[in-house]
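Chemist: Prediction below, plus the sequence it came from.
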Amino acid sequence: GHGQGRFVYRVQPYAYWHPNDYWDVHAQGQAYGFTGQNHSTKATLYQGFFEARLPNADVPGLNWVALKAGRQEFVYGSGFILGSDTFFDGLSFDAARLRVQPRSTITLDLLSGNYATPFSGGTKGNLAGAYLTYAPSDDSSVEGYWFRDRGSEERQAGERLDILGLRSASGVGIYAVEVEGVLQTGMAFNPETGRLDNISAAGG
């Protein structure tokens with residue numbers, strides 16, 4: 001009001017060094033905030049990681065094993081369960097990810113790390129899991145995953161969320177079908193009772 005404009009901004013300068021097929025170094029900063037009468041700005045390292053790979057010389061783009069360590073995003077599937085929070089200030093982790101790719105159609109990711117602040121929305125704790133993808137063609141895949149999330153704004157001992165999911169995506173021409181089912185179990189702190197409640201949910 002009062003003639004003052006207000007807008008939200010997100011700026012991500014980055015630099016990377018990819019000298020060969022065996023390793024990469026990547027650094028990406030981020031400034032996120034809004035202007036106006038009540039203005040705010042947060043600026044820090046959003047991603048900063050080192051990735052070492054063992055390429056398959058017979059198949060371009062295929063790496064037998066790749067280890068990625070440092071601050072990084074995790075984006076899987078449509079981002080329904082785990083994504084980079086694209087429309088807001090993002091989501092990254094101080095983590096390690098081991099990727100195993102024995103064939104061009106099969107990829108297994110094993111990951112573990114902590115929520116990186118200040119772009120986690122106040123969430124603290126850690127995330128670990130595995131994500132398996134079978135992609136027989138460019139427009140079809142079947143994916144299964146498990147994540148254990150111990151992150152929350154107010155950490156309580158014993159809290160955890162286990163997520164099991166199965167996703168299928170396929171397309172023909174301009175048409176595409178995607179189906180994803182998810183089960184969640186675990187324990188969540190109830191501030192009204194001061195105890196942990198069981199989590200049991202299903203959706204997709």
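Modeler: Alright, I've got the coordinates.

Chemist: ok, now which ones touch the residue nearest the centre of the chain?
Modeler: For the chain, the residue nearest the mean C-alpha position is Phe74 (2.3 Å; C-alpha atoms, centre = their mean). Contacts for Phe74 (C-beta atoms under 8 Å, 6 or more residues apart in numbering) come out as 82-84, 93, 95, 97, 111, 127. (Glycine included, C-beta is placed from N, CA and C.)

Chemist: got it, and Asp24?
Modeler: Taking C-beta under 8 Å, 6+ apart, we find Asp24 in contact with 16-18, 50-51, 53.

Chemist: Any of those buried? List them.
Modeler: If you count burial by 16 or more other C-beta atoms under 10 Å, the buried members of these come out as 51, 53.

Chemist: want to try CSV for the contacts of Asp24, with secondary structure as columns?
Modeler: Output for the contacts of Asp24, formatted as CSV (DSSP: H, G, I helix; E, B strand; the rest coil):
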residue, secondary structure
Tyr16, strand
Trp17, strand
His18, coil
Phe50, strand
Glu51, strand
Arg53, strand
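
Chemist: and which of the contacts of Asp24 is nearest to Thr117?
Modeler: Nearest to Thr117 among the contacts of Asp24 is Phe50, at 21.0 Å by C-beta to C-beta.

Chemist: Now do the same for the residue nearest to the centre of the chain: helix, strand or coil?
Modeler: Relying on three-state DSSP, one would call Phe74 coil.

Chemist: tell me the SS of the residue lying closest to Arg195 once chain neighbours are set aside?
Modeler: Sequence neighbours aside, Phe189 is the residue nearest to Arg195 in space, at 7.7 Å (criterion: C-beta to C-beta, 6 or more residues apart in numbering). Of the three states, Phe189 takes strand according to three-state DSSP.

Chemist: Go ahead and confirm Phe189 touches Glu153.
Modeler: No. With contact defined as C-beta atoms under 8 Å, Phe189 does not reach Glu153; the gap is 10.8 Å.

Chemist: more crowded one of the two?
Modeler: Set side by side, Phe189 and Glu153 show more neighbours around Phe189, with 16 against 10, by other C-beta atoms under 10 Å.

Chemist: what residues are up against that one?
Modeler: Listed by C-beta under 8 Å, 6+ apart, the contact set of Phe189 reads 152, 154, 156, 158-159, 195-197.

Chemist: repeat that with 7 Å
Modeler: 156, 159, 196 (C-beta atoms under 7 Å, 6 or more residues apart in numbering).

Chemist: From these, which land in helices?
Modeler: Within these, no residue falls in helices by DSSP state H.

Chemist: where's Arg6, which helix or strand?
Modeler: Under DSSP states H and E, no helix or strand contains Arg6.

Chemist: Do you know the pLDDT at it?
Modeler: Looking at Arg6, its pLDDT reads 73.
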